[in-house]
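Asks: coordinates only, sequence not included:
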DNA sequence: CTGAAAGCGCTTACAG
DNA sequence: CTGAAAGCGCTTACAG
C-alpha cells in the first residue's frame, strides 16, 4: 500500500482490461462469474478504490449539490442543512456549502465549473440575471424571488401570520405591534403585509416597529415600544431571535410578559420552548423544509427538467406557549 | 450561448492552441500581448468558463475540503462552519459537509475518491484505523483522539474547567455538582476529570449527575438534583444546552437560580446571554476555532506535511453572568 | 462476455 | 512565446 491503486493496476493484476474492471464494479451482472472473482480479488489485494473525480468527469456530473445561504452562522439553517445532507447522502450526492455573499464572480463560477450538479438556494437577494445564468438546476428554499426561473419550497408565510394574528385577536388584543424584518427581505415583506391584512380583517389597530430578525433589533424595538404613549398589548415579531430579544429587554425594563405584553415569534428555534417565558411562535418545520427541498432538487437532477418557477408551500403551525396571554383589559382581575 | 464552451472552442475562435488558452488564463505573463488579447476576446465572445472538474483531475487535486461532524443540526457548529467556509473561500477552496455518522464504507471512501483535498474532523469517536487510513491530510477540531495521526486545534478544556470551579469556589460554594456529558465523549471525559481535579485542589465536595450535553438531559439532571438530600449549591454543566435545560427545570420545580443553586455552563451559545437568568459560562471562541482549524488544514495542504498529532490549544474564557451567585450560607442576608 | 480505443476537458513538460 | 502530444483516471459505445 504505497501509492493509491488505479484501475489499470487492478486490471493488470487480474489479467483483464480496465473496461472489465469498470464493469465489474458498476455492473457486475455484465461480467462472467470467474472474471468477476478475479477482478474482485485484485481489487481487494490492491486496496483499489474508484477515483470519483475521474469517474465524474467522464460522466459529466459531479454527484454533488451546493447549498447557498446568506449566513452560514445562522442557527436557523442548521437543521435544514442536516436534512438536506441526509437526503443527498441517501441519493449518493455530496453536499457543498457556501455563503451566498461571496463575490459576484465567484457566484457566477459556481454554476459553471462542473463541480456541482445543482444548487439549493436559500437567498432571494441575488441578482436574477446571475441566478438564471447558471447552467444548473436550481431550487429555492425558504426565501423566494419571482424573477428566478426556479421552483422552490417555502412555507406559507401569509397563512402562518394569520394564525398568529388570530391567536392574539382571540386573546382580545385590539392593538397589535409588529417588529418587522429587514425592509428588503422577501420573508419580512410577506409577513408584514400579511400582518396588516390579518389585522385589518379584524379591525385591529397596528403599529410597526423596525427590526432585522436579530436579537439586538428585538431589544431595540422593545425600548421603542416602551416609549410609546399608546403601546400595543400584543407584539408579533418576524423571527424568534427578535422575539427573544424583545422579551428580554421588556423584562429588563420592568414589564411582565405576557401580562403587560404578549409576544409571538416566528420560526420555533431550539430555545423557543426553553426560554422563560416559553415563546409562543410559528413553528417552521425545518426538517421537512430541508428534506422536501432536497427531494425537489434531486428530482430535478434526475429528470433534467427544471419545472420553472412553481413554488410548493408547506404549512407552518402556531405553537402556543407562555409568552402570550389575554389582553390587559380582558383579564379577569380587571373585570 | 447554447452549449457551454470548452477550451477547444475558444482556441479555435482565437486561432491558437488550447495550451495557449490555458496559459492565458492561468499565467497570462507567459503569453504575448497580442495573443493574449485575441484569446481574451474569444473567451468573452464564447462565454467560456474553465471547467473546474477537468482542471482538478488533471492537477490531481480537488480544491475542496470536507468537514465531518457528528451532528450537523447541532447549532454549536454553525459559527465554526461559517468561519471555516470563510477561510476556505479565501484560499480558493470549496467546502463540503457531511455527517460523520454515515456508514463506515462511505466514510472510508471519502478519504480516497479524489473529491476532497483534506478533511476537517470534528468527531473523535471514529475508528482510528479508518481515520489513519485516509490518504489525505486530516485536521482535528474541538474533539480529539490521541490515536489519530493528525494535528488539531482544541480549546484548553482543563484550564477552562478550572476557571469555572474557581469561580464557584470564590462564591463560597463548598459542594459542587457536575452534569457530565456522554460517558464516551472525549470532551465530557476531559471536563469531568478537570472538574474533579479542580475541586479536589480546593477540598470541595463533588457530586456527579449523568447527562449527554442535551437540554433534555439537563432537565432530567435537575429533577435528580432536586431529589438529592444533600444538594450541591453550585452546578457546573458540561454544555450550555444542558445548563439551560437544568435551569429551566429548576425554575419549574420552584427553585431560584442563582439563590438556590448557581449554574455554570460551557460553550457560550447564542442564547446564553439572553436567557433569564443570563448564563454564566465558558466562552468557546468558535470563530477562532473555525478559522485556526481552517488555517491548519490549508497549511497542511500547501506543505503536504501532516505534522502528525500535535494539538494546539486555544484559551477559553469564563463569562460571568446572572446564573451564578454566592452560596446560600455565604449570602449576606444569612449572616 | 470481453477488449481496444476514444474521450470527458483540462494542463504541462517538451521541443522549437 | 507557442504548439503538438501526452496524460489525469475513469467509462462506454463499438466490435467481436
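Replies: Thanks, I have it. Everything numeric in this text was worked out from a predicted model, so none of it was measured.
Asks: Residue A:190 and residue A:158 touch, don't they?
Replies: Yes. The criterion here is C-beta atoms under 8 Å, and residue A:190 meets it with residue A:158 at 6.5 Å. Using the backbone N, CA and C atoms, a C-beta is placed for each residue, glycine as well.
Asks: Who has more neighbours out of those two?
Replies: Higher neighbour count among residue A:190 and residue A:158: residue A:190, with 21 against 16, using other C-beta atoms under 10 Å in any protein chain shown.
Asks: Report the buried residues of the host helix or strand of that one.
Replies: If you go by DSSP states H and E, residue A:190 is part of helix A:186-201. Buried residues in helix A:186-201, counting neighbours by 16 or more other C-beta atoms under 10 Å in any protein chain shown, are found at A:186, A:187, A:188, A:189, A:190, A:191, A:192, A:194, A:195, A:196, A:198, A:199.
Asks: Please name every helix or strand in contact with the helix or strand harbouring residue A:87.
Replies: Assigned by DSSP H and E, residue A:87 belongs to helix A:78-90. In terms of contacts (3 or more C-beta pairs under 8 Å, 6 or more residues apart in numbering or on different chains; DSSP states H and E), helix A:78-90 is packed against strand A:64-69, strand A:94-99, helix A:286-303, strand B:94-99.
Asks: hmm, who's touching that helix?
Replies: A:65, A:67, A:69, A:94-95, A:97, A:120, A:122, A:141-142, A:286-291, A:293-295, A:298, B:71-75, B:77-78, B:97-99, B:102, B:106 (C-beta atoms under 8 Å, 6 or more residues apart in numbering or on different chains).
Asks: Which pLDDT value belongs to the nearest residue to residue A:132 once chain neighbours are set aside?
Replies: What sits nearest to residue A:132 in space, not counting adjacent residues and going by C-beta to C-beta, 6 or more residues apart in numbering or on different chains, is residue A:149, at 5.2 Å. Residue A:149 carries a pLDDT score of 94 in this model.
Asks: picking up where we left off before, for ChimeraX, write a command that selects the buried ones of the contacts of helix A:78-90.
Replies: A single ChimeraX command selects the buried members of the contacts of helix A:78-90 (16+ other C-beta under 10 Å):
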select /A:65,67,69,94,95,97,120,122,141,142,286,288,289,290,291,293,294,298 /B:72,73,74,75,77,78,97,98,99,102
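Asks: in the stretch 1-150 of chain A, which ranges drop under the pLDDT threshold?
Replies: For the stretch 1-150 of chain A, the stretches flagged by pLDDT under 70 are A:1-2.
Asks: Those residues of chain A touching DNA strand C, which are they?
Replies: Neighbours of DNA strand C within chain A, by C-beta under 7 Å from any atom of the strand: A:15-20, A:23, A:29-32, A:34-36, A:54, A:57-58, A:60, A:114.
Asks: picking up where we left off before, buried ones in the helix holding residue A:87, by neighbour count?
Replies: Buried, per 16+ other C-beta under 10 Å, within helix A:78-90: A:78, A:79, A:80, A:81, A:82, A:83, A:84, A:85, A:86, A:87, A:88, A:89.
Asks: Include distance to residue B:205 when you put the helices and strands packed on helix A:78-90 into a markdown table, please.
Replies: A markdown table is the format used below for the helices and strands packed on helix A:78-90 (distance: least, C-beta to C-beta, whole Å):
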| stretch | distance to residue B:205 |
| --- | --- |
| strand A:64-69 | 48 |
| strand A:94-99 | 47 |
| helix A:286-303 | 43 |
| strand B:94-99 | 40 |
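Asks: Looking at these, which is nearest to DNA strand D?
Replies: helix A:286-303 (15.0 Å; C-beta to the nearest atom of the strand).
Asks: Now that closest one: average pLDDT?
Replies: Mean predicted lDDT for helix A:286-303 stands at 95.
Asks: what angle sits between that helix and helix A:78-90?
Replies: On the basis of axes from the mean of the first three to the mean of the last three C-alpha atoms, to 10 degrees, helix A:286-303 is oriented at 30 degrees to helix A:78-90.
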